[in-house]
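1. let's see this in three dimensions:
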Amino acid sequence: MISRYDIKEVSDLWSDKARFEAFLEVELAIIQAWEEQADFVPKDTAKKIRELAVINCERVEEIEKITRHDIIAFCSMITEQVPVELGRWFHYGVTSSDIIDTAMNLQIKRSLKLVEKELKQVQVELASRAKELKNLTTLGRSHGMMAEPMSFGQKLLGHYCEFARRAQDLKRYIENELTAQTSGAVGNYAILNPKIEKRVAELLDLKVEPVSTQIIPRDRVANLIHLGAQIGNAIERLSIEIRHLHRSEVGEVHEGFSKGQKGSSTMPHKKNPVSAENLSGMARYLRSHVTLADENTLLWHERDISHSSAERMMLPDHLGILVYSLRRLSSTVRDLVIHEDIVTDRVKMVDGYLSSFYLHHLLSHSDETREDIYAKVQAAAFEAKEVAQFKDILQSKFTVQLPDTPKDLGLAHTDEVFERVFAEYPLPT
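-> Okay, here's the model as predicted:
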């Protein structure tokens, strides 16, 4: 990842050193499982190797230049550090993908814990701002046009729900989709057995892959990337809303603008929605990985390695950008400036005009047909040169006395909606 968007906590998890540490963790779990279930593997073999072996990335690179095989280079780097009687049991009975894929899932799991943390923080910020703005009436929009009045807080609450659903999806993925395999070449358990595999999975806190065809099936990785893209969709949907409300002719919100910040190299008056625009770009990048992940599921026979090179770049980039984007979105929501005077004045300015209130009042108080009432309300709206004229023109078309619009129009059931949402999607702890 380029330094501008790098999240060190994620990058560290996908460094060569971290990858080899995960390899070692898997290898030692396999040896421990052998020790527990096979008399011919000496006790404490895994413990002794753990005490003696040191990850040496440079040495792996040196060996790989000769072997052109990263797992062989890794194993050689470890076994040359330990006595022969210990080294003979290292990588015993397994194939490269047993180590690579199981270690990959350890890296994914640790990365997703960071994603999960940031996703929760976005929910916290959205819930806080939604509650703060619950009683602020704003104009909703339909097809980009000003429409019915509504709670500004409820606008944000809808985004809270979407992120809450993604958090549920992420939790399910972590619990169910991260698996371990030690089934050997082509997944036939020629040397190992399912009992050892089960024990390895227990030691690594992963599930067992039911059928591994030498590799863990890549539809699981595709599911991860699809989920990341869905989180990206949620990020961009909120970012687009901020960008729309940020426009000069709307001006209902502004992103926080820090001291010394500049909006334009040549126009000093500008406060651009730079964060929301950046996040829209990040979401596009996240979605770009979907095709790549889908194509990576299409492997020959029991396996090939056409997926490997792409995954080495895609996974750390995807997970890093998820953490980056969610973290930036949290601060964007927290620092978002709501121009309540503009929001309120706009609602007052179009009182009754942008609402179905009068249509429904007349439907329940007039003997005319729905079609006739609708046509007259529409005609009054189109005839009014100014919003203030609308009610007078409409009144002239009916003998029924028209009331003032209710002061809580658009907010009457907001409390009920908020209660329902937090019952369904409680704030994360």
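
2. Glu241 is in what secondary structure piece?
-> helix 219-246 (DSSP states H and E).

3. residue contacts, the closest residue in space to Ile216 that isn't next to it in sequence?
-> Spatial nearest neighbour of Ile216, chain neighbours left out: Asp101 (4.2 Å); criterion: C-beta to C-beta, 6 or more residues apart in numbering. For every residue, glycine as well, the C-beta is placed using N, CA and C. With contacts defined as C-beta atoms under 8 Å, 6 or more residues apart in numbering, the neighbours of Asp101 are Gln181, Ser212, Ile215, Ile216.

4. over to Pro217?
-> Contacts for Pro217 (C-beta under 8 Å, 6+ apart) come out as Glu209, Val211, Thr297.

5. the first one: how many residues sit nearby?
-> By the criterion of other C-beta atoms under 10 Å, Glu209 has 23 neighbours.

6. surely Ile139 touches Met146?
-> One thing to correct before we go on: residue 139 is Leu, not Ile. Yes - Leu139 is in contact with Met146 according to C-beta atoms under 8 Å; the separation is 4.7 Å.

7. neighbour-wise, which of these two wins?
-> The residue with the greater number of neighbours, taking Leu139 and Met146 and applying other C-beta under 10 Å, is Leu139; the counts read 21 against 17.

8. quick one: contacts of the strand or helix carrying that one?
-> When elements are assigned from DSSP H and E, Leu139 belongs to strand 137-142. Residues lying outside strand 137-142 but in contact with it, judged by C-beta under 8 Å, 6+ apart, are 146-152, 155, 244, 252, 343-344, 346-347, 350, 354, 409-411.

9. same question for the strand or helix carrying Glu175, mean pLDDT?
-> Using DSSP H and E, Glu175 maps to helix 152-176. Per-residue pLDDT values over helix 152-176 give a mean of 98.

10. tilt between that helix and strand 137-142?
-> With axes from the mean of the first three to the mean of the last three C-alpha atoms, to 10 degrees defining the directions, helix 152-176 sits at 60 degrees from strand 137-142.

11. flag every buried residue along helix 152-176.
-> Of the residues in helix 152-176, those with enough neighbours to count as buried (16 or more other C-beta atoms under 10 Å) are 152-157, 159-160, 162-164, 166-167, 169-170, 173-174.

12. tell me the secondary structure for the residue nearest to Asn278 when sequence neighbours are not counted?
-> Nearest non-adjacent residue to Asn278, counting by C-beta to C-beta, 6+ apart: Arg328, 7.0 Å away. Per DSSP: H, G, I helix; E, B strand; the rest coil, the secondary structure class of Arg328 is helix.

13. and the angle from the helix holding Glu241 to strand 137-142?
-> Angle, helix 219-246 to strand 137-142, by the same axes, to 10 degrees: 120 degrees.

14. against which helices or strands is helix 219-246 packed?
-> Helices and strands touching helix 219-246, as assessed by 3 or more C-beta pairs under 8 Å, 6 or more residues apart in numbering; DSSP states H and E, comprise helix 96-132, helix 152-176, strand 253-254, helix 274-295, helix 308-335.

15. change it to 10 Å
-> helix 96-132, strand 137-142, helix 152-176, strand 253-254, helix 274-295, helix 308-335 (3 or more C-beta pairs under 10 Å, 6 or more residues apart in numbering; DSSP states H and E).

16. quick check: which of the ones you listed is nearest to Gly187?
-> helix 96-132 (8.9 Å; C-beta to C-beta).

17. in the closest one, which residues are buried?
-> Neighbour-count burial for helix 96-132, counted by 16+ other C-beta under 10 Å, picks out 96-112, 114-116, 118-127, 129-130.

18. same check, this time on stretch 342-359
-> Buried residues in stretch 342-359 (16+ other C-beta under 10 Å): Val343, Arg346, Val347, Val350, Asp351, Gly352, Tyr353, Leu354, Ser355, Phe357, Tyr358.

19. tell me which element the second one is part of?
-> Using DSSP H and E, Arg346 maps to helix 340-349.

20. that older thread, with distance to Lys47 as added columns, please give the helices and strands packed on helix 219-246 in a markdown table.
-> Putting the helices and strands packed on helix 219-246 into a markdown table (distance: least, C-beta to C-beta, whole Å) gives the following:
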| stretch | distance to Lys47 |
| --- | --- |
| helix 96-132 | 19 |
| strand 137-142 | 64 |
| helix 152-176 | 29 |
| strand 253-254 | 59 |
| helix 274-295 | 38 |
| helix 308-335 | 31 |
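
21. how about the contacts of Asp101, which pair is most distant?
-> Between all members of the contacts of Asp101, the longest pairwise span (C-beta to C-beta) is found for Gln181 and Ile215 and amounts to 7.7 Å.

22. and the two? which has more neighbours close in?
-> Each of Gln181 and Ile215 has its neighbours counted (other C-beta under 10 Å); Gln181 has more, 30 against 25.

23. surely the more buried one meets Ile216?
-> Yes - taking C-beta atoms under 10 Å as the contact criterion, Gln181 and Ile216 are neighbours in contact, 5.5 Å apart.

24. anything in contact with each of those two?
-> Ser97, Asp98, Asp101, Thr102, Asn105, Gly187, Leu206, Glu209 (C-beta atoms under 10 Å, 6 or more residues apart in numbering).

25. which residue is nearest the middle of the chain?
-> Among the residues of the chain, the one closest to the centroid is Ile231, at 3.0 Å (C-alpha atoms, centre = their mean).

26. so what's Lys198 up against?
-> Residues touching Lys198, when contacts are defined by C-beta under 10 Å, 6+ apart, comprise Ala33, Ala180, Thr182, Lys207, Val208.

27. scratch that, Gly187
-> Contacts for Gly187 (C-beta under 10 Å, 6+ apart) come out as 95, 97-98, 181, 209, 211-216, 302-303.

28. while we're on it, how confident is the model there?
-> Reported pLDDT at Gly187 in the predicted model: 93.

29. how far away is it from Phe90?
-> Counting by C-beta to C-beta, to the nearest Å, the separation of Gly187 from Phe90 is 21 Å.

30. sticking with Ile191, tell me its helix or strand.
-> With DSSP H and E as the test, Ile191 turns up in no helix or strand.

31. from Tyr92, how far off is it?
-> Ile191 sits 7 Å away from Tyr92, taking C-beta to C-beta as the criterion.

32. what is the strand or helix carrying Glu35 packed up against?
-> Under DSSP H and E, the secondary-structure element containing Glu35 is helix 16-37. Under the contact definition 3+ C-beta pairs under 10 Å, 6+ apart, helix 16-37 sits against helix 8-13, helix 45-52, helix 57-67, helix 70-79, helix 96-132, strand 179-180, helix 194-204, helix 308-335.

33. what's the burial count for the closest residue to Glu125 other than its chain neighbours?
-> Leaving aside its chain neighbours, Glu125 sits nearest to Val333 (4.3 Å; criterion: C-beta to C-beta, 6+ apart). Close neighbours of Val333, defined as other C-beta under 10 Å, add up to 25.
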